[in-house]
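Engineer: Fold the following and give me the result.
(one chain, ligands or ions: 1)
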Amino acid sequence: MRAAGKRIAFAPTMGALHPGHVSLIKIGLAKADVAASSIFVNPTQFAANEDLATYPRAEDSDLAKLEAAGCSFCYCPSPTEIYPPGDSTRVKVKDLSHILEGEVRPHFFEGVASVVSRLFLHVAPDVAVFGEKDYQQLLVIRRMVQDMGFPIEIVGGPTLREDDGLAMSSRNAYLSAEQRAQAAGLSHVMRETAGKLEAGESIRTVTQAAADALLVTGFASVDYVEARRADTLAPFGQDTAPVGASGRLLVAARMGTTRLIDNMGFVRR
Ligand code: AMP
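Structural biologist: Predicted coordinates:
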């Protein structure tokens, strides 16, 4: 395809595909001639106590979904293709990797940047598509691509949601029926909170109220509820977003033992 001068779009995944992943392929196809994906459950982004061993795997049905979406290639490397014997190189994106998700999962973005940089070298796409579902990850990748000079256009795709508002995620499969029903509360609380932030209410008050509401909804614990600047994820530095500012509300919370993350944009009126 490259020799034929085709523009190649790439959407990497960890498999267990849902319509959110498929939407990234469609976005890629609108930006390029052919689409490629990858399925690789990346060991370096999981800590020892996380769900690497139990992460859902469904390669056959994943490949069928990719093909149906118009994806021409899927790279399914073995761990040693990505991390050859004796491997000791890692990619660290400073600052952005150590706040929010990076505070709770200190290993996480180093694993992501290390695998994505290798996938970029192996696949050599012109365009790469990442979901806003993992908003901080999208910013980390943009930073890495800019800093290392990868000749790749990074495109963000909107978060696809279930009918009740729950952001689609491979990890939703871990939820029992009761937990699944309660988990819908996350997007409802977030939507309400984003509305208050748009209206200029106190960031401290509304994020604390959101955390309390999540616990009432049935979440076992809340790692963070934060309203940050959309472009850098830096705090606003004052208790209301300035008029016209673009913000991002970001949440991580546990439903039982399943950790769910979600985020929404808001613009202060
Ligand atoms: P994952 O397989 O979870 O590593 O995700 C692979 C890609 O799909 C990442 O760019 C995610 O941000 C994206 N993604 C995951 N869930 C969604 C969703 N609900 N909507 C859109 N993109 C998503």
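
Engineer: For the ligand, see how far away R204 is.
Structural biologist: Relative to the ligand, R204 is positioned 29 Å away (C-beta to the nearest ligand atom, to the nearest Å). C-beta coordinates here come from the backbone N, C-alpha and C atoms, glycine included.

Engineer: quick one, what contacts that residue?
Structural biologist: Contact analysis of R204 by C-beta atoms under 8 Å, 6 or more residues apart in numbering lists D239.

Engineer: just K6 next, same as before
Structural biologist: A32, D33, V34.

Engineer: Show only the entries of those found in strands.
Structural biologist: Counted as lying in strands by DSSP state E, out of the contacts of K6, are V34.

Engineer: Looking at the contacts of K6, which one is closest to the ligand?
Structural biologist: A32 (16.1 Å; C-beta to the nearest ligand atom).

Engineer: quick one, what contacts that closest one?
Structural biologist: K6, R7, I8, A9, P125, D126, V127.

Engineer: Look up the closest residue to the third one, ignoring the ones flanking it.
Structural biologist: Closest residue in space to I8, ignoring its immediate chain neighbours: P125 at 4.7 Å, by C-beta to C-beta, 6 or more residues apart in numbering.

Engineer: Just to check, the one you found is in contact with A9?
Structural biologist: Yes. Judged on C-beta atoms under 8 Å, P125 makes contact with A9 at a distance of 6.1 Å.

Engineer: The two - which one has more neighbours?
Structural biologist: Neighbours per residue (other C-beta atoms under 10 Å) separate P125 from A9, with A9 holding more: 28 against 25.

Engineer: What pLDDT does the model give the residue nearest to I8?
Structural biologist: With respect to pLDDT, P125 scores 98.

Engineer: how much space is there between it and the ligand?
Structural biologist: Counting by C-beta to the nearest ligand atom - P125 and the ligand are separated by 13 Å.

Engineer: contacting residues around that residue?
Structural biologist: P125 sits next to I8, A9, F10, A32, A36, I152 when contact means C-beta under 8 Å, 6+ apart.

Engineer: Show only the entries of these found in strands.
Structural biologist: Using DSSP E, the contacts of P125 in strands are I8, A9, F10, A36.

Engineer: For V222, list each beta-bridge partner.
Structural biologist: Beta-bridge partners recorded for V222 (DSSP bridges): A253.

Engineer: which neighbours do P125 and A9 share?
Structural biologist: Common neighbours of P125 and A9, using C-beta under 8 Å, 6+ apart, are A32, A36.
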